[in-house]
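Visitor: need a structure here:
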Amino acid sequence: MNFDYRTPRYLMVIEQIKERIKKEELQPGERLPSETEFSKQLGVSRSTLREALRILEEENIIIRKHEIGTFVNQKPVFNKGIEELFSITDIIKREGKIPSTKIYFTGYVQAHGNETHKLNLQKEEQVFLVKRVRFADNIPLVYCIDKIPAHLLPKEYTFQQESILDSLEKIGIIITYAEAEIKTISYHQKISKIMECDKDTPLLILKQIHYDQHNRPVLYSINYFRSDQISFHVLRKRML
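Guide: Presented below is the predicted three-dimensional model:
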């Protein structure tokens with residue numbers, strides 16, 4: 001590994017640690033040595049090591065667990081491009097895993113102010129609400145909250161344990177695109193427990209407004225993903 005003499009020491013340490021992980025000298029989930037020991041191994045000061053670890057934590061390569069230590073982060077099982085409109089059922093199957101679902105609630109409820117605006121609803125209009133957890137090989141992957149305008153659904157509509165996109169297609173609602181927003185929260189008292197996450201496992205929140213072939217907003221979804229199971233990326237192109 002060649003470095004320019006002007007390369008800051010902490011950047012050299014970052015590359016050294018990444019190289020150890022790449023060569024599997026440091027395994028996913030492995031606890032790193034203490035700062036004193038690790039800085040001696042790498043031949044740098046503790047302050048240089050701390051700066052390198054701070055950046056590696058921002059890059060989600062390592063994770064600090066309060067009063068326990070610093071660990072190499074587990075590599076997510078799933079990695080998805082955020083530009084692709086995907087079915088959770090499909091991404092689970094593509095990895096050769098078995099999808100399953102636990103439904104917590106289905107039924108008609110009063111729409112709230114925020115979703116009333118997002119779904120272009122009239123005042124006092126209801127939505128069909130689905131709350132469920134999706135599993136991959138019995139490991140919780142995502143807690144889903146889905147809301148569909150009631151006026152779009154036939155009276156006999158019911159939701160079974162399947163893809164909500166497929167369920168809507170069966171009644172003639174074809175989702176063609178979505179507006180998405182993604183952020184991270186460190187811990188959610190209720191949902192983290194349902195998802196079997198400890199306090200050191202962040203949740204990725206993906207909020208989407210889905211539109212059909214007639215440009216109508218037909219589905220508002222809020223998905224809480226386990227960050228140790230899935231990561232998202234986006235392909236960015238330079239505009240010339």
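Visitor: which of the residues in the lowest-mean-pLDDT helix or strand in the chain are buried?
Guide: One helix or strand of the chain scores below all others by mean pLDDT, DSSP states H and E: strand 78-81, with a mean of 78. Within strand 78-81, the residues that count as buried by 16 or more other Cβ atoms under 10 Å are F78, K80. Backbone N, C-alpha and C define where each C-beta goes, glycine included.
Visitor: same question, stretch 77-95
Guide: Across stretch 77-95, burial judged by 16+ other Cβ under 10 Å covers V77, F78, K80, I88, T89, I91, I92.
Visitor: And for stretch 159-172?
Guide: Using 16+ other Cβ under 10 Å as the test for burial, stretch 159-172 gives F159, I164, L165, S167, L168.
Visitor: ok, which stretches of the protein are strands?
Guide: 62-65, 69-72, 78-81, 99-110, 126-136, 139-149, 175-185, 203-212, 217-226, 230-233 (DSSP state E).
Visitor: I'd like to know which of the ones you listed lies nearest to E35.
Guide: Within these, the stretch nearest E35 is strand 69-72; the backing value is 8.6 Å (Cβ to Cβ).
Visitor: other SSEs contacting the closest one?
Guide: Here strand 69-72 touches strand 62-65, going by 3 or more Cβ pairs under 8 Å, 6 or more residues apart in numbering; DSSP states H and E.
Visitor: residues making contact with the strand it packs on?
Guide: Strand 62-65 is contacted from outside by I17, L32, L53, L56, E57, T70, F71, V72, N73, D198, D200, using Cβ atoms under 8 Å, 6 or more residues apart in numbering.
Visitor: Quick one: residues contacting the last one.
Guide: When you say that, I think you mean D200. Going by Cβ under 8 Å, 6+ apart, D200 touches I63, R64, K65, H66.
Visitor: Closest one to H117 out of these, please.
Guide: Of all the contacts of D200, H117 sits closest to I63, with 36.8 Å by Cβ to Cβ.
Visitor: how about CSV for the strands of the chain, with distance to F38 added?
Guide: Converted to CSV, the strands of the chain look like this (distance: least, Cβ to Cβ, whole Å):
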stretch, distance to F38
strand 62-65, 11
strand 69-72, 9
strand 78-81, 28
strand 99-110, 40
strand 126-136, 34
strand 139-149, 31
strand 175-185, 27
strand 203-212, 29
strand 217-226, 28
strand 230-233, 26
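Visitor: and those strands, which one's lowest on average pLDDT?
Guide: Lowest mean pLDDT of the strands of the chain: strand 78-81, a mean of 78.
Visitor: so S192 touches P202, yeah?
Guide: No - checked against Cβ atoms under 8 Å, the pair S192 and P202 is beyond contact range at 9.2 Å.
Visitor: separation between the residue nearest to F135 when sequence neighbours are not counted and S87?
Guide: Closest residue in space to F135, ignoring its immediate chain neighbours: S100 at 4.6 Å, by Cβ to Cβ, 6 or more residues apart in numbering. Applying Cβ to Cβ, to the nearest Å, the value for S100 to S87 is 15 Å.
Visitor: hang on, the earlier thing: elements contacting the least confident helix or strand of the chain?
Guide: So strand 78-81, by 3+ Cβ pairs under 8 Å, 6+ apart, packs with helix 88-94, strand 230-233.
Visitor: And the ones you listed: which comes nearest E37?
Guide: Between E37 and these, the tightest spacing by Cβ to Cβ is seen for strand 230-233, at 29.8 Å.
Visitor: quick one: which two of the buried residues of stretch 77-95 are the most distant?
Guide: V77 and T89 (15.2 Å).
Visitor: Could you give the bridge partners of A180?
Guide: On the basis of DSSP bridges, A180 is bridged to Q208.
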